[in-house]
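A.B. asks: This is a predicted model, with the sequence first.
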Amino acid sequence: MNLRLANMAMAGKLCVIALVMLAFGYALGPIYNAICEMTGINILALGERNNTGVDTSRVVNTQVDRSRTITVEFDANSRGPWEFKPAQRSLQVHPGELTTVVYEFQNVQNRRMAAQAIPSYAPQQAAAHFNKLECFCFTQYTLEPGEKKSWPVVFVIDPKMSRDVATITLSYTFFEVGGKVPEAPIAAVDAGSGPKAGS
């Protein structure tokens, strides 16, 4: 009986611990938002909370240097038979400002390919201050014949970058990894007519 009572007591303690952890998990969101509001950290998240009654019209991201404007040019180089280009060739940003640009890709071959992009920067000193939060260059992709992709690049230019730099060129070279990959499976190809329509 003592063992049974000990087991029940242990089960009760574990239930209480689980409930406390669950309550703490629910409380983390409001606690995080309150800290961000007080300190000004992650000020971008406040815009998402506009419908909660928070007045964001007076909120200013102090990390953005509005006294400077930098022109960012986007370039795309292909090492193979495919189409690869930025959706826009350039834009102007303030250091510290979160910015998104999209690159477009299409595999115009009649076979699958595995590919990846490598970024480069001009001038060279900009590389240390060009912070990418999201980038397709972090991943290797397998693309089917005719497949199209649009990939975002989300970046912030560090306000500490030298004031001498007024223009940055972000260039991607998209290349095939490991040469040719195996042909697409027979089921994906119509006999004697190549890839299916729409490829």
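C.D. replies: Great, that's in hand. Numbers count the residues shown, from 1 in each chain.

A.B. asks: give me every residue that touches the nearest residue to V64 once chain neighbours are set aside.
C.D. replies: Nearest non-adjacent residue to V64, counting by CB to CB, 6 or more residues apart in numbering: G96, 4.1 Å away. Bear in mind the C-beta positions are built from the backbone N, C-alpha and C, glycine included. Residues in contact with G96 (CB atoms under 8 Å, 6 or more residues apart in numbering) are N61, Q63, V64, D65, V156, I157, D158, P159.

A.B. asks: Quick check: the gap between G96 and M161.
C.D. replies: 10 Å (CB to CB, to the nearest Å).

A.B. asks: One more: E73?
C.D. replies: As judged by CB to CB, E73 and M161 stand 16 Å apart.

A.B. asks: Which of the two has more residues huddled nearby?
C.D. replies: Between E73 and M161, M161 has the larger neighbour count (other CB atoms under 10 Å), namely 18 against 15.

A.B. asks: ok, now which ones touch the more buried one?
C.D. replies: M161 sits in contact with I70, P95, Q125, A126, H129, where contact means CB under 8 Å, 6+ apart.

A.B. asks: try it again with 6 Å
C.D. replies: H129 (CB atoms under 6 Å, 6 or more residues apart in numbering).

A.B. asks: try Q63
C.D. replies: Q63 touches G96, counting by CB under 6 Å, 6+ apart.

A.B. asks: again with E97
C.D. replies: Neighbours of E97 in contact, by CB under 6 Å, 6+ apart: V64.

A.B. asks: Assign it to one of the three secondary structure states.
C.D. replies: Classification of E97 using DSSP: H, G, I helix; E, B strand; the rest coil returns coil.

A.B. asks: Pairing partners for T99 in the sheet, please.
C.D. replies: F155 (DSSP bridges).

A.B. asks: The one 5 residues further on now?
C.D. replies: Listed by DSSP bridges, the beta-bridge partners for E104 are K85, S150.

A.B. asks: what about it, how many residues close to it?
C.D. replies: 14.

A.B. asks: Check Y172 too.
C.D. replies: 25.

A.B. asks: what about it, which helix or strand?
C.D. replies: strand 167-176 (DSSP states H and E).

A.B. asks: swap in A23?
C.D. replies: Here A23 is assigned to helix 2-39, by DSSP H and E.

A.B. asks: and that helix, how far out from the chain's middle?
C.D. replies: 33 Å (CA atoms, centre = their mean, to the nearest Å).

A.B. asks: repeat for stretch 92-110
C.D. replies: 10 Å.

A.B. asks: same question for that stretch, mean pLDDT?
C.D. replies: Mean per-residue pLDDT for stretch 92-110: 91.

A.B. asks: which ones are touching F74?
C.D. replies: P86, V101, L170.
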